[in-house]
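**Student:** Whatever this is, show me its structure:
(2 chains)
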2 protein chains.
Amino acid sequence: MPWSVPLTLHPIGVVHTPWKQPTGTPIQGAFRPDVEGEVVLTEELAPALHDLDGFSHAIVLYAFHRSEGYRTKVVPYLDDVERGLFATRAPRRPNPIGLTVVRILAVEGHRLRVAGVDMLDGTPVLDIKPYVPAMDRPDEVRIGWLERALAFGPCTTADDRFHEEDR
Amino acid sequence: MPWSVPLTLHPIGVVHTPWKQPTGTPIQGAFRPDVEGEVVLTEELAPALHDLDGFSHAIVLYAFHRSEGYRTKVVPYLDDVERGLFATRAPRRPNPIGLTVVRILAVEGHRLRVAGVDMLDGTPVLDIKPYVPAMDRPDEVRIGWLERALAFGPCTTADDRFHEEDR
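**Tutor:** Numbers count the residues shown, from 1 in each chain, chains lettered A, B, ... in the order given. Modelled structure (predicted):
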């Protein structure tokens, strides 16, 4: 099978958050670790959440469902010059998949209560993985253009630059 | 738009690795940080890789293109009892998206040389994001059932349990 075959994904659930529109939403969940949300899966997936309550954090993958199109160079929230898209976390991407590491508060049947959400309310969820430092936490990290941006106190909430309109 | 609308993704490239079949492949890239691979994007995406060479690590999202179907409970590589699927990193998932944090060796046009690969050779790549500790590295982490598994010296290579056959 060639690598270029399209892949059709079916969301497994939805995330509910306080964020109703892009403007004012934290650009990263880690910048507002207190903000709570709830991932509600389809009911038949409840068994798949077993054992997750032993973990403190999960990686949530979701669709940037309100992002359309992309450019290969973008001015990211944390800078004022153009950067290569794959050196940014901008939501308009060839495959608009978002990734947030959230803190697990509780697993209740097919519901997962979490903290540190930056997704818009109603965002379709694609996958949930346990966060495991031995797999996900490299040492000796350099962060390129973000070094200066984060050092000078980042703008931590979004504006509408990646959305044609706040629908 | 309801959250349950299917999402069609088009791979942006392919990853070349030494791993030609599941059996013997490291179950996580971090367990074989020395193993090199190359992400080759479609040529028109070369500008999107600009600035990524300032980062030491990237998060690569890809399709588990040889995984079909899933069960909500699985016996993961690192344990001998069933666990909830979303508390594991098993490749057979409702949306078979893989995630590996790789070390960046070089950006050369539309090619990204990396180390720490656990993907099968020919795996379709969906997205590349810069790894940023302030966003991706939580503190005070607990890892549930994996605590014991990792402490006792994990089995670090795959067998064929998640594949009907090694094609």
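**Student:** now the strands for chain A?
**Tutor:** A:7-9, A:13-16, A:36-41, A:57-63, A:73-74, A:83-84, A:97-108, A:111-115, A:123-130 (DSSP state E).
**Student:** Who are the packing partners of the third one?
**Tutor:** Spelled out, that is strand A:36-41. Contact analysis of strand A:36-41 by 3 or more Cβ pairs under 8 Å, 6 or more residues apart in numbering or on different chains; DSSP states H and E lists strand A:13-16, strand A:111-115, strand A:123-130 as its packing neighbours. C-beta here means a position set from N, CA and C on the backbone, and glycine is covered the same way.
**Student:** which residue sits closest to A:T157 in space, ignoring its chain neighbours?
**Tutor:** Spatial nearest neighbour of A:T157, chain neighbours left out: A:G24 (5.3 Å); criterion: Cβ to Cβ, 6 or more residues apart in numbering or on different chains.
**Student:** Pick the most buried one from the strands of chain A.
**Tutor:** The highest mean neighbour count among the strands of chain A, using mean count of other Cβ atoms under 10 Å in any protein chain shown, belongs to strand A:123-130: a mean of 25.
**Student:** Show me what that strand is packed against.
**Tutor:** With contacts taken as 3+ Cβ pairs under 8 Å, 6+ apart, strand A:123-130 sits against strand A:13-16, strand A:36-41, strand A:57-63, strand B:97-108.
**Student:** Could you dump the ones you listed into TSV and include distance to B:L126 and mean pLDDT?
**Tutor:** Output for the helices and strands packed on strand A:123-130, formatted as TSV (distance: least, Cβ to Cβ, whole Å; pLDDT from 0 to 100):
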stretch	distance to B:L126	mean pLDDT
strand A:13-16	20	98
strand A:36-41	21	98
strand A:57-63	10	98
strand B:97-108	7	97
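**Student:** Now render these as CSV, adding distance to A:M119.
**Tutor:** Output for those, formatted as CSV (distance: least, Cβ to Cβ, whole Å):
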stretch, distance to A:M119
strand A:13-16, 5
strand A:36-41, 7
strand A:57-63, 6
strand B:97-108, 16
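**Student:** what's the average pLDDT for stretch A:139-159?
**Tutor:** Here stretch A:139-159 scores 80 as its mean pLDDT.
**Student:** dump the residue contacts of the closest residue to A:I97 other than its chain neighbours.
**Tutor:** Closest residue to A:I97 apart from its sequence neighbours, by Cβ to Cβ, 6+ apart: B:D127 at 5.3 Å. Counting by Cβ atoms under 8 Å, 6 or more residues apart in numbering or on different chains, B:D127 touches A:F86, A:R93, A:P94, A:N95, A:I97, B:I12, B:V60, B:L61.
**Student:** With A:G98 as the reference, measure out to the residue nearest to A:D159 when sequence neighbours are not counted.
**Tutor:** Spatial nearest neighbour of A:D159, excluding adjacent residues (Cβ to Cβ, 6+ apart): A:T23 at 5.6 Å. From A:T23 over to A:G98 the distance is 17 Å, taken as Cβ to Cβ, to the nearest Å.
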